[in-house]
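Student: this one's sequence-less:
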């Protein structure tokens, strides 16, 4: 797996459907398993996660980075980022550390996957169904291991000092400890391979970074298995979703899940955000939010009226966790994580956080006396702090090893001195980290205080067992000449810290002793009645400490719960493992959407140039006054205190919406609170925002329109329309105008989900039944918060972007390199073969061949004004020609008559003339290779001309086509469209008397060209596209900016003249005319090629279309139109359309990451269609 790849599988909150078969809350072991298994049962599932989605490569490492991700919760309040990765809970005598992110604490745990002692399952705390049927638990363990794939640290891997140190300590403690030392199975990959969920994982770099997030892609968190497996089977995942409570809707029998969307712009309206909750409706709910999350949600739900057992929040346990340290021992432990340091420089390596265990569970006569001792690693982010702290604690609180000789004391002091200059030397390098899991008395409890979770566990850490185990660790430390330091967080003021909080929603035989039954269903009261469609499947259901790392047991219970839930409903879970790697652009199952809006994965979060802000408005709403007298409605509503308010996020995805004042629509997400319509907040299912709509009946007046589809928790829907009138004639009223919204609410009509017309007048009732009217206003304090947020966004786009580029435009122009510093990345290639290609009209062009193997043959067709070297250039490290050669393809490249290397490029040619070259090239390749059909990959102008040749029947023998950026429906991007509407090509020909346009130039060119070079400083380049290169400017003038500059290397950018040159204006004019009509035209402007009959006859073979989302040459609309025509005529099985995030036009072939992001897509097309062309077809 490429850890630099920024993968995203979660959707933003506005894309959440109103209803799902199953809603899963939380994404740790229990939640991830429920999401995967219910999705595999064919159910429509939503997974809601409070934290953010992060993949390996995105976890913080340095202290300052980690600090930003810390959140701290206690009964007195919350500090820090609410969806921060590292969540610390402070309770009375018991603290905890858990993860918050897609994957939950599995992102940060120490990976040890061990079953609970078999005697644990015989304890009377479990329901009889479990005590009497261990087989179902064993099956749960089996399924969990199958997905999590735990293995011990390999014997043939480098030795780990901390592991060896623990083994030596075991022997020093005695035979009973030594015989119980072993390497436990851990969920870490020790080889590069595809895991059982189909996700590529990397071999561990043995960094020890587990507790802050492993960036090497080796950790088997649920993010790497169950979660992508759920996504691959149709689950829709939503992050930054803080679920607050749930309720049963009596009218429908459905579950309502209330949540807060932790979107950045809503932070300024914190109170409103927490009160104006979103919701989603579910048939079945699985709570897997972790022990604290699940208890808090249910405690809040109970306070709001949900029937539930009185045992809720009781029997909380820290799993008997004890954290301690053996400081400055005589053994080299190397137990400090390496952070961002190069793993190859750490010899020996640190290793995964835990790799060894002294397992004393079987030794104990009483299961409750069992425990395990494991070694650990100090997180890199706190290594420096621990270094100082341990040195201080040794002098004040540590248990120093007795009877040290003078020499040993001197050596110990020396190690402390050495540690002052390095966190990897001296005393800190000789420090062993201990983690014990044992059995506490699980007498802790949780409750809500002022709507905040309060954790109470009086006496935690003060039991005899805890004291005995600390004494044992002290003995293990003194025997290796070290100083024992109990957890620095364990004190009278702070609590014993656990990383394994469990309980509070314990399993039991009835509601008097537990919160859920053996199936995980929640008890309604203290008897055996349950909420049949409400399940809990995380660590909160474990009724007491397990004496070992609990996640495998939690996973086994979750697997069992899912199995029983499916059987009860006659759902069939498909447990068969996937047999191929997950395609993260194409899941196996994707539930259809009638309305999706801008592509969520590509458009979210809104890019620079987009505008997003939150808005709060408050006022009064009347259901009695329904006439168009908003002031009267407001006055009536005030008499009955009938209020309305909303908190909305307004998102403008595309800057073009700001330049087109007549069609400025954006998306709205949020909630509306109005008791007259619903006792709960109403959710905006879909919203549109339009800015500066001309009001024809009002002079110098525009309006801002809000159109919303609302839904109440009982399923009732409404249409909301609001407008602000902006009177341009009176600037003094501007603030009042922009802060006053006139509101109408209407009865919802059938089809309103699909029909969302924002072209109607702001005050038009559209013949609808009016439910009520009112007026909302932005209060001064709210207005300040909103305008500050909006100004920041506007400044970032207009101010900062322009400031970055202003000076560049006035610097001296750069011309072609003098070639003294050109770097060529030469690659070993087969001997080049060249052929003369003679077209029907006698024009001679060149065909080149590189026989890289027995796959293919493949013809590469370049664009306008470039040679075949656009595919073969050695100005970049990885070009497409060499990529195909490496993959054993027989590659042909044609320099047709528009190639600058051909003298014909200065003559005038139609597209039809160019077709003759490609036609002859295809025929010659078929003759040379004796293949009936070949594959073609065509870029830019090469693609429309190939389509023209195919549609006219002239080009034959193509069995597979990959078209880049344009096809048979060319549509220019915005600025090219402007230039086309200004008829610039005709201006160059008829006014300036030019017949060609050469992108190459110099400081010694003609006066006309020199003047043009200067004017092009001010061409409207896209963000990040302003540079000083004159050739680059001229390219933008001729074709539009050809690439995202950020994707190119400087070497290529400075030397494009090596294979770019002139274009004749006849060809340009024909292409411009075609783009104006959005279809290929002949020289007479006739649409004779793109017909249904031609498409059915000539294009009924595999074709893949590719378009860069940031393309400023061609608009994606054209590619989509071609795609729709193809599937309309020939069905969808043969065609594909790839939209490429972060890429423009030519950078799909030249980009620094094109060989990673793009080339494999093209190769996949060739491989998938290999039996339809070339040597394989011939055979």
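Tutor: Structure's in. What do you need? Keep in mind that this is a model prediction, so the values were computed, not measured.

Student: correct me, but residue 777 touches residue 618?
Tutor: Yes. The criterion here is CB atoms under 8 Å, and residue 777 meets it with residue 618 at 6.6 Å. In this view, the C-beta of every residue, glycine as well, is placed from N, C-alpha and C.

Student: and residue 532, that's in a strand?
Tutor: Yes. According to DSSP: H, G, I helix; E, B strand; the rest coil, residue 532 belongs to a strand.

Student: Kindly state the beta-bridge partners for the nearest residue to it once chain neighbours are set aside.
Tutor: Counting by CB to CB, 6 or more residues apart in numbering, residue 521 is the residue found nearest to residue 532 once chain neighbours are left out, at 6.2 Å. With DSSP bridges as the criterion, residue 521 is bridged to residue 535.

Student: Model confidence score at residue 521, please.
Tutor: Looking at residue 521, its pLDDT reads 98.

Student: Next, the contact list for it, please.
Tutor: Contact partners of residue 521, counting by CB atoms under 8 Å, 6 or more residues apart in numbering, are 530-532, 534-535.

Student: That one and residue 879, how far apart?
Tutor: If you measure residue 521 against residue 879 using CB to CB, to the nearest Å, the figure is 60 Å.

Student: quick revisit: for the contacts of residue 521, which one is nearest residue 683?
Tutor: Distance to residue 683 across the contacts of residue 521 (CB to CB) is lowest for residue 534, with 20.8 Å.

Student: count of residues packed around the closest one?
Tutor: By other CB atoms under 10 Å, 24 other residues sit near residue 534.

Student: Kindly tell me how buried the residue nearest to it when sequence neighbours are not counted is, as a neighbour count.
Tutor: Among residues not flanking residue 534 along the chain, residue 522 sits closest, at 4.6 Å (CB to CB, 6+ apart). Using other CB under 10 Å, residue 522 has 28 neighbouring residues.

Student: Test my guess that residue 522 contacts residue 530.
Tutor: Yes. At 6.2 Å, residue 522 counts as touching residue 530 under the criterion of CB under 8 Å.

Student: how deep is residue 765 tucked in, by neighbour count?
Tutor: 14.

Student: Would you mind measuring from it to residue 1109?
Tutor: Separation of residue 765 from residue 1109 (CB to CB): 39 Å.

Student: Also residue 546?
Tutor: With distances defined as CB to CB, the gap from residue 546 to residue 1109 amounts to 49 Å.

Student: For these two, indicate the residue with more neighbours.
Tutor: Per other CB under 10 Å, whichever of residue 546 and residue 1109 has more neighbours is residue 546, with 29 against 16.

Student: Sticking with residue 670, tell me its helix or strand.
Tutor: Here residue 670 sits within strand 665-673, counting by DSSP states H and E.

Student: Could I get the average pLDDT for that strand?
Tutor: 83.

Student: and what of stretch 688-696?
Tutor: Averaging pLDDT along stretch 688-696 gives 58.

Student: Please name the nearest non-neighbouring residue to residue 956.
Tutor: residue 922 (7.4 Å).

Student: cool, residue 144 as well?
Tutor: Once flanking residues are discounted, residue 144 sits nearest to residue 555: 3.7 Å by CB to CB, 6+ apart.

Student: residues in contact with the one you found?
Tutor: Residue 555 is in contact with 29-30, 33, 140-141, 144, 148, counting by CB under 8 Å, 6+ apart.

Student: what do you get for residue 845?
Tutor: Contacts for residue 845 (CB under 8 Å, 6+ apart) come out as 836-837, 839, 894-897, 899, 902, 904, 917, 920-921.

Student: ok, back up a step: assess the claim that the residue nearest to residue 956 and residue 938 are in contact.
Tutor: No. With contacts counted by CB under 8 Å, residue 922 stays clear of residue 938, the gap being 11.2 Å.

Student: Thank you kindly, that will do.
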